[in-house]
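Undergrad: what follows is a predicted structure for the sequence shown.
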Amino acid sequence: MNASEKAAGVSIPQEIVFEILSKLPAKTLVRLRCVSKPFCALIADHGFGVVHRSLSLTLPSRAGVLISIASPAARPRAFYTLNFTPRPRGMLQANRVGFPDAKSFLCSSSSDGLFICMYRPNGPFTVCNVSTGQRIFLPRLIQYEECELLMGYDSESKRYKVLMTACRESISRGGLIRCGFEYKHWVFTVGVDKSWREINNYCSRPFFPFEGNRYPYYFSTNVYIDGVIYSYTALTKHNMIPRNHIVAFEVGCESFSVITLPDKVSSLSWFFLKMSALLEVGGRLAMVHVSVPERGEGLCYMNVWTWEKSKECWEEITMTIPLKWSRMINNSARLLRFATNHDGEIVLLCIYIKKFYILVCNLRSEAWRKFDVSGLEDFPLGNSLDFTMHNLVDHVFPLE
């Protein structure tokens, strides 16, 4: 009888115990770690975590989204989880969660479902696993005027890394002082580093690093795919004219590269990026944008550009949004949020007639579905409402 069989108390083969545990939700597994040392060792094993996460990505009950909402009133920010197991009559249920408490401000997320919180004012950074409730605090760095954090996973070291970008003003060059902003980058390896490590942001492109433009990568979204964090930025050439790009940060080797946006959108304003999102679709980087008629009437369209990494080119798909739901989009175009679900479909969260709705698009069948969202009724909805949507995956990967 091996360790897993002893832990179960019966003569059950180890592979059966492994399969049973891999199908349980993370919160249950956290409790089971207290049953015995063999159970704790199995659940903490990296190979088990990989299998558990892979299953979660395919199950509607374990792959969902995290919705963050702050109302114009001075009430605390609220966090809700939402999975895509529909209730009768096309209804989805949002469930309130503590994350990690009401005073936190959501900064970023990774595709593994880990999230970075920042306490304001001048509080600590926190990495939190919503599934297990585990959290760790990161050391503070010197205060900068702008500071953003992103997280990714290094498969070689089997550790999570946090990338921080901060800016400072007034750059001096050759005795001349010109108004501008310079961006520096630090990395913190969770469970290894005791302090932040500054890294070189060198890139062969002449307009890199990030100078001359106040905003770094983060107009609306970022996504982590297979060891790379992708995010928006507005880079500048020597003529100081900003052009939008995507920055790719290799988590393992801690290096940057630049991806040019599709020709149709590369010269458009940053406001266009605020109406779009970077997502993982079919294992590839995708840029999603919803186009609305100028007069706010008629059909809306969703453009999806997927990045073919081997060919270094974009492939475009245009989806027509059915007229009955285009009316919803026309009235809430500035209040759209994007994500994906367990089935690789694109998910749109929107507000219409003071209610939250979910639209789901299947790119393969070109079919659309609409769901009402219950559990979010306690907010005075309006244009000033601050809300975000992030992918959430149930998993037991330890942070340290």
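TA: Sure, I can see it. Numbers count the residues shown, from 1 in each chain.
Undergrad: skipping its backbone neighbours, what lies nearest Ile225 in space?
TA: Glu280 (4.9 Å; CB to CB, 6 or more residues apart in numbering). Where C-beta positions appear, they are placed from N, C-alpha and C, glycine not excepted.
Undergrad: that neighbour should be in a strand, yeah?
TA: Yes - Glu280: assigned to a strand according to DSSP: H, G, I helix; E, B strand; the rest coil.
Undergrad: contact partners for it?
TA: By CB atoms under 8 Å, 6 or more residues apart in numbering, the contact set of Glu280 is 111, 223, 225, 286, 340.
Undergrad: that one and Glu297: what is the separation?
TA: 33 Å (CB to CB, to the nearest Å).
Undergrad: and what of Val251?
TA: From Val251 to Glu297 the distance is 45 Å (CB to CB).
Undergrad: and for Phe125?
TA: On the measure of CB to CB, Phe125 and Glu297 end up 45 Å apart.
Undergrad: who's more crowded, those two?
TA: Taking other CB atoms under 10 Å, Phe125 and Glu297 do not tie; Phe125 has more neighbours (20 against 10).
Undergrad: which ones among the contacts of Glu280 map onto strands?
TA: Within the contacts of Glu280, residues falling in strands by DSSP state E are 223, 225, 286, 340.
Undergrad: return the closest of those with respect to Thr306.
TA: Ala286 (4.7 Å; CB to CB).
Undergrad: strands along the stretch 151-300 of the chain, start to end?
TA: 159-173, 176-189, 197-199, 222-225, 228-236, 242-250, 255-260, 276-281, 284-291, 300-308 (DSSP state E, counting those that start in this stretch).
Undergrad: whoops, I mixed them up, the stretch 301-400 of the chain
TA: For the stretch 301-400 of the chain, strands defined by DSSP E, counting those that start in this stretch occupy the ranges 313-321, 337-340, 346-352, 355-362, 367-374, 386-393.
Undergrad: and the third one, how far from the chain's centre?
TA: This means strand 346-352. 16 Å (CA atoms, centre = their mean, to the nearest Å).
Undergrad: so which elements touch it?
TA: strand 63-70, strand 300-308, helix 323-330, strand 337-340, strand 355-362, strand 386-393 (3 or more CB pairs under 8 Å, 6 or more residues apart in numbering; DSSP states H and E).
Undergrad: can I get the CA coordinates of the last one in CSV?
TA: Once side chains and other backbone atoms are set aside, the C-alpha atoms of strand 386-393 remain, and they are given as CSV (Å, rounded to 0.1, in the frame of the first residue of the first chain):
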residue,chain,number,x,y,z
ASP,A,386,-15.9,51.7,-12.5
PHE,A,387,-15.9,47.9,-13.2
THR,A,388,-13.5,45.4,-14.7
MET,A,389,-13.7,41.7,-15.8
HIS,A,390,-10.8,39.2,-15.6
ASN,A,391,-10.5,35.5,-16.4
LEU,A,392,-10.5,33.3,-13.3
VAL,A,393,-9.2,29.7,-13.2
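Undergrad: quick one: buried residues of that strand?
TA: Buried residues in strand 386-393, counted by 16 or more other CB atoms under 10 Å: 387-393.
Undergrad: looking at these, which is nearest Ser365?
TA: Closest to Ser365, out of all of those and judged by CB to CB, is Asn391, at 21.5 Å.
Undergrad: spatially nearest residue to the closest one (excluding sequence neighbours)?
TA: Nearest one to Asn391, counting by CB to CB, 6+ apart, is Ala339 at 5.2 Å.
Undergrad: what's around the one you found, how many residues?
TA: By other CB under 10 Å, neighbour count at Ala339 equals 24.
Undergrad: my guess is it contacts Leu359. True?
TA: No - if you go by CB atoms under 8 Å, Ala339 and Leu359 don't touch, sitting 11.3 Å apart.
Undergrad: what's the overlap in contacts for these two?
TA: Val347.
Undergrad: Asn330 reaches Tyr301, doesn't it?
TA: No - checked against CB under 8 Å, the pair Asn330 and Tyr301 is beyond contact range at 11.8 Å.
Undergrad: more neighbours, the two?
TA: Neighbour count, other CB under 10 Å: between Asn330 and Tyr301, Asn330 has more, with 18 against 15.
Undergrad: out of the strands of the stretch 301-400 of the chain, flag the one nearest Gln93.
TA: strand 367-374 (5.5 Å).
Undergrad: out of the buried residues of strand 386-393, who's nearest Thr318?
TA: Of these, the one sitting nearest to Thr318 (CB to CB) turns out to be Met389, at 22.8 Å.
Undergrad: bridging residues for that closest one?
TA: Ile67 (DSSP bridges).
Undergrad: can you count the residues close to Asp394?
TA: Asp394 has 26 neighbouring residues, counting by other CB under 10 Å.
Undergrad: which ones are touching it?
TA: 25-26, 56, 62-63, 113, 131.
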